[in-house]
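Enquirer: okay, predicted coordinates and the sequence, questions at the end:
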Amino acid sequence: MSDLFEKARMVRENAYAPYSKFKVGAAIRTVNGLEFVGCNVENAAYPEGICAEAGAIGMMIAAGENKIEEICIVADSPDPVAPCGGCRQKISEFSTPTTSVVLSNLNGERIRRTIKELLPDSFGPKDLSMK
C-alpha cells in the first residue's frame with residue numbers, strides 16, 4: 001500500500017485546482033497488478049471538472065484493464081476524506097464489494113474501507129440487465 005500512497009501523493013502535486021485549492025490524487029492497483037494514477041482537474045464550469053478517482057479509472061480503462069483491486073486517495077485535508085458519491089459509484093462498477101479503498105491525508109494517516117462499506121447499496125450493470 002505504501003507505493004500506492006506515494007504515487008497518489010505525488011500525482012496530487014499535478015492537480016489543477018485553482019478554484020477550490022483542494023488537490024486530490026488517486027492511485028489504483030488492478031487485479032493484474034498494473035497501477036494507474038489520476039489527479040483532480042477543475043474547470044470554471046464547476047460540474048465539468050474531473051475527480052482524481054475518475055481520472056485514474058479512465059487511465060485504467062484506456063489501458064484495457066477493468067478490475068480494481070485497491071485504490072488509494074490522498075487529499076489536502078486534516079483528516080482522510082472519502083470519495084464523492086459519483087466516484088464511489090465509479091469505483092464500485094470496476095471492483096468487488098471487498099475492494100480496498102484507502103483514504104489518506106498528506107500526513108500519511110490512513111483509513112481502510114471496502115467499497116461495500118462506502119457504498120452499501122450500489123447501483124450498477126446488474127440493475128440495468130447488463131450482467
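Expert: Arrived safely, thanks for sending. Residues are numbered from 1 along each chain as shown.
Enquirer: for the protein, which spans come out with low pLDDT?
Expert: 1, 130-131 (pLDDT under 70).
Enquirer: show me the helices in it, by range?
Expert: Here the chain has its helices, by DSSP state H, at 2-12, 52-62, 85-93, 115-118.
Enquirer: between the third one and helix 52-62, how big is the angle?
Expert: Think helix 85-93. Put simply, helix 85-93 runs at 30 degrees to helix 52-62, going by axes from the mean of the first three to the mean of the last three C-alpha atoms, to 10 degrees.
Enquirer: which residue sits farthest out from the middle of the chain?
Expert: What lies farthest from the middle of the chain is residue 129; by C-alpha atoms, centre = their mean that is 25.9 Å.
Enquirer: for the one residue sitting closest to the centre of the chain, which non-adjacent residue is closest in space?
Expert: Most central in the chain under C-alpha atoms, centre = their mean is residue 53, positioned 2.9 Å from the mean C-alpha point. Among residues not flanking residue 53 along the chain, residue 87 sits closest, at 4.0 Å (C-beta to C-beta, 6 or more residues apart in numbering). For glycine as for every other residue, the C-beta is placed from the backbone atoms N, C-alpha and C.
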